[in-house]
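# Fold the following and give me the result.
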Amino acid sequence: MAFETEADRMNEEDAMRVFLRTFACDAYKLEFGAFADYELRKNGQLRGYVEIKTRKYTMHQIDRMGGYNLALQKWEKARRTCNLQQVQFVLLLNLADGVYYHITRDFQIDDCLSSWGRKDRNHVSAIEPAIVLKAHRFAKL
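Reported below is the predicted structural model:
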């Protein structure tokens, strides 16, 4: 079951454009369902992967909620892949008050939740374990 819309794809592209203005590299869209949205290359060499999330919250609101939650399964796939390929992982948040990023190689987290997700989708995959990253881990572009 796919939840991505054309508006979601446009929001992703907007966030990537902001990211690429700061980080000089090339981005290539990965197939739907991959653990990340883009791979990053510089001079043809793989440098990392980017996962983009668009939310209607501000970073201050995310901070007040205890941090940003990301599906544990997605985080673990990114960790395994990036560790094997010795590249970095970028979590890019397109929020109501700007675009924020967190770059990691060590995949440290602040907390883990046993059950998190959207209950309005009536789909078993919408509720799952998640990792938590505190707001201080993110920088604004």
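
# which residues in the protein form helices?
Assigned by DSSP state H, the chain shows helices spanning 6-22, 59-64, 72-85.

# So which elements touch the longest one?
This points to helix 6-22. Here helix 6-22 touches strand 26-29, strand 45-54, strand 88-95, strand 98-104, going by 3 or more Cβ pairs under 8 Å, 6 or more residues apart in numbering; DSSP states H and E. Every residue, glycine included, has its C-beta placed from N, CA and C.

# what residues are up against the closest residue to residue 16 other than its chain neighbours?
Spatial nearest neighbour of residue 16, excluding adjacent residues (Cβ to Cβ, 6 or more residues apart in numbering): residue 27 at 5.4 Å. Neighbour list for residue 27: 16, 19, 20, 38, 39, 40, 41, 50 [criterion: Cβ atoms under 8 Å, 6 or more residues apart in numbering].

# hmm, 10 Å instead?
13, 16, 17, 19, 20, 37, 38, 39, 40, 41, 49, 50 (Cβ atoms under 10 Å, 6 or more residues apart in numbering).

# on that earlier part again, go through the helices and strands packed on helix 6-22 and pick out the most buried.
Ranked by mean neighbour count, those are led by strand 88-95 with a mean of 22 (mean count of other Cβ atoms under 10 Å).

# Relative to it, what are the paired strands and their orientations?
strand 45-54 (parallel), strand 98-104 (antiparallel) (DSSP bridges).

# now the angle from it to helix 72-85?
Angle, strand 88-95 to helix 72-85, by axes from the mean of the first three to the mean of the last three Cα atoms, to 10 degrees: 140 degrees.

# Just the C-alphas of strand 88-95, formatted as PDB.
Presented in PDB, the C-alpha positions along strand 88-95 are these (Å, rounded to 0.1, in the frame of the first residue of the first chain):
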ATOM      1  CA  GLN A  88      26.800   8.700   5.700                       C
ATOM      2  CA  PHE A  89      23.100   8.900   6.100                       C
ATOM      3  CA  VAL A  90      21.200  12.100   6.000                       C
ATOM      4  CA  LEU A  91      17.700  12.600   7.500                       C
ATOM      5  CA  LEU A  92      16.200  15.700   5.900                       C
ATOM      6  CA  LEU A  93      13.100  17.200   7.500                       C
ATOM      7  CA  ASN A  94      11.000  19.600   5.400                       C
ATOM      8  CA  LEU A  95       9.100  21.400   8.300                       C
END
